[in-house]
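**Q** My questions are about this predicted structure, shown below with the sequence.
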Amino acid sequence: AQSVTQLGSHVSVSEGALVLLRCNYSSSVPPYLFWYVQYPNQGLQLLLKYTSAATLVKGINGFEAEFKKSETSFHLTKPSAHMSDAAEYFCAVSDRIKAAGNKLTFGGGTRVLVKP
Amino acid sequence: KAGVTQTPRYLIKTRGQQVTLSCSPISGHRSVSWYQQTPGQGLQFLFEYFSETQRNKGNFPGRFSGRQFSNSRSEMNVSTLELGDSALYLCASSLGGDRIETQYFGPGTRLLVL
């Protein structure tokens, strides 16, 4: 079964500093990969997704992620944190080889705190 | 275009009761998926419906069920509620349910079981 690991359940960054959130997947066939953000009392919003085109994926709000097959990773970065980036971030995978249908497997999430 | 809507937003039930949650997808979307979010287990997939048929199912007991109507609206039902069913239930919709499609999430229904 697919699994996703996010290293660090909490990350604290200073405003203007680099944001780096780690995500590793376990699958012999690279899945489709997604990063979602969840603000308090809201649903999830897609930041970006990897579907086997470019390995460096740019998303909304200045976020980007790089797919590295050799490391089975899909880490999320943002060069300069803003106070509005404080939220919980989820990495998710969708199995590429199984039958049609939508089923996301999520990592445990990383809560980002931005210090002024 | 209106987003995914879920009703009710908050719900309090007691053990043993049953509950029905509703989800209206984005207009034109035919796939609806349900997820359970808890502090302990995180986000877990419940099931997905496409064209009124359940296409995928997660590892939840039979007390959790769902359905989809011809207008793509979906409901999920939990019977014989347990304390552990307290969670945020999220609904997501996508156009055709292809695995690479973006799923758009609603704000969720927060269920508290006492």
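**A** On my side now, so go ahead. As the structure is a computational prediction, the values presented were derived from the model and not from experiment.
**Q** where's residue B:112 relative to residue B:86, distance?
**A** Distance, residue B:112 to residue B:86, using CB to CB, to the nearest Å: 5 Å. C-beta: built from backbone N, CA, C; applies to glycine.
**Q** what do you get for residue B:47?
**A** Taking CB to CB, one finds residue B:47 at 19 Å from residue B:86.
**Q** Of the two, which one has the most company?
**A** Neighbour comparison, residue B:47 and residue B:86: the larger count goes to residue B:47, with 23 against 16 (by other CB atoms under 10 Å in any protein chain shown).
**Q** which stretch of helix or strand covers the more buried one?
**A** Residue B:47 is part of strand B:42-50, with elements assigned from DSSP states H and E.
**Q** ok, then the element right after that strand?
**A** By DSSP H and E, the next helix or strand past strand B:42-50 is strand B:53-57.
**Q** what pairs with that following strand, and is each one parallel or antiparallel?
**A** strand B:42-50 (antiparallel) (DSSP bridges).
**Q** Let's test this: mean pLDDT of the strand it pairs with, rounded?
**A** Averaged across strand B:42-50, the pLDDT comes to 94.
**Q** hmm, back to that, give me the distance between the strand holding residue B:47 and the centre of its chain.
**A** With CA atoms, centre = their mean, to the nearest Å as the basis, strand B:42-50 stands 7 Å off its chain's centre.
**Q** now stretch A:77-88
**A** On CA atoms, centre = their mean, the centre of stretch A:77-88 falls 13 Å from that of its chain.
**Q** contacting residues around the residue positioned nearest the centre of chain B?
**A** Nearest to the mean C-alpha position of chain B, by CA atoms, centre = their mean, lies residue B:34 at 3.2 Å. By CB atoms under 8 Å, 6 or more residues apart in numbering or on different chains, the contact set of residue B:34 is B:23, B:45, B:46, B:47, B:48, B:66, B:74, B:76, B:89, B:90, B:91, B:92.
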